[in-house]
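Give me a model of this one.
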Amino acid sequence: MASSERVPMVRCRLDGGDVGSVRTTRYVPLSEFGLWRFLMETRHSRSVTIEEVSFWVAEDAAQWNSGFLAEDLEPVLRIRFERQGPQGWPVLVERYFPAETYPEAQEALLQHYERGVEARVRATPGYFVPIHSAKTAPTPV
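Numbering: from 1, shown residues only. Alright, predicted model coming up:
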């Protein structure tokens with residue numbers, strides 16, 4: 001991924017569902033957000049509260065000098081893997097998780113897929129850049 005690539009992203013809170021769940025923050029690409037929200041609200045009876053719309057950038061210390069303050073950046077990992085789709089065609093799966101909950105989130109996600117897919121998971125560290133930082137910070141080089 002090029003260091004200057006920005007993925008428009010929605011940070012939101014997923015409410016309802018499991019009462020004991022404290023892991024409610026979700027990062028969803030803006031291009032998928034409408035469908036994702038519809039599924040969460042209609043199929044899973046969960047309410048979705050948008051907290052902020054901004055972007056995600058990959059961490060690339062060799063090429064990316066963000067100019068953002070470290071305390072403004074939210075560590076978010078992108079995971080990618082391919083699964084077998086209809087008629088054997090590969091389908092790319094891409095999800096974003098808060099770094100602090102990544103191990104448990106990855107485990108929960110992979111339970112939805114066939115065994116062996118975990119060997120193909122590629123994790124990319126990066127950051128959700130809150131809009132108050134995005135407005136004032138210089139463009140990555």
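
for this structure, which helix is longest?
Ordering each helix of the chain by length in residues (DSSP state H) puts helix 30-42 first.

got the contact list for it?
With Cβ atoms under 8 Å, 6 or more residues apart in numbering as the test, helix 30-42 has contacts from Pro8, Met9, Val10, Cys12, Leu14, Val28, Arg46, Ser47, Val48, Val53. (Each C-beta comes from the backbone N, C-alpha and C, glycine too.)

just for the chain, where's the confidence low?
1-4, 17-23, 61-67, 112-119, 132-141 (pLDDT under 70).

again, 50 this time
Residue ranges of the chain with pLDDT under 50: 1-3, 22, 62, 137-141.

show me where it has helices.
30-42, 102-110, 131-136.

before we move on, back to that, just how off-centre is the longest helix of the chain within its chain?
Relative to its chain's centre, helix 30-42 lies at 14 Å (Cα atoms, centre = their mean, to the nearest Å).

List the buried residues of it.
By 16 or more other Cβ atoms under 10 Å, the buried positions in helix 30-42 come out as Phe33, Trp36, Arg37, Met40.

so how far is Met9 from the closest residue to Gly126 other than its chain neighbours?
Among residues not flanking Gly126 along the chain, Ala58 sits closest, at 4.3 Å (Cβ to Cβ, 6 or more residues apart in numbering). In this structure, Ala58 and Met9 are 12 Å apart, going by Cβ to Cβ, to the nearest Å.

quick one: which of these two has more around it?
Met9 (23 against 19; other Cβ atoms under 10 Å).

how about that one, what does it touch?
Tyr27, Val28, Pro29, Leu30, Val53, Ser54, Phe55, Trp56, Tyr96, Phe128.

residue with max distance from the center of this protein?
Relative to the centre of the chain, and counting by Cα atoms, centre = their mean, the farthest-placed residue is Gln87 at 28.0 Å.

That concludes my questions; thank you for your assistance.
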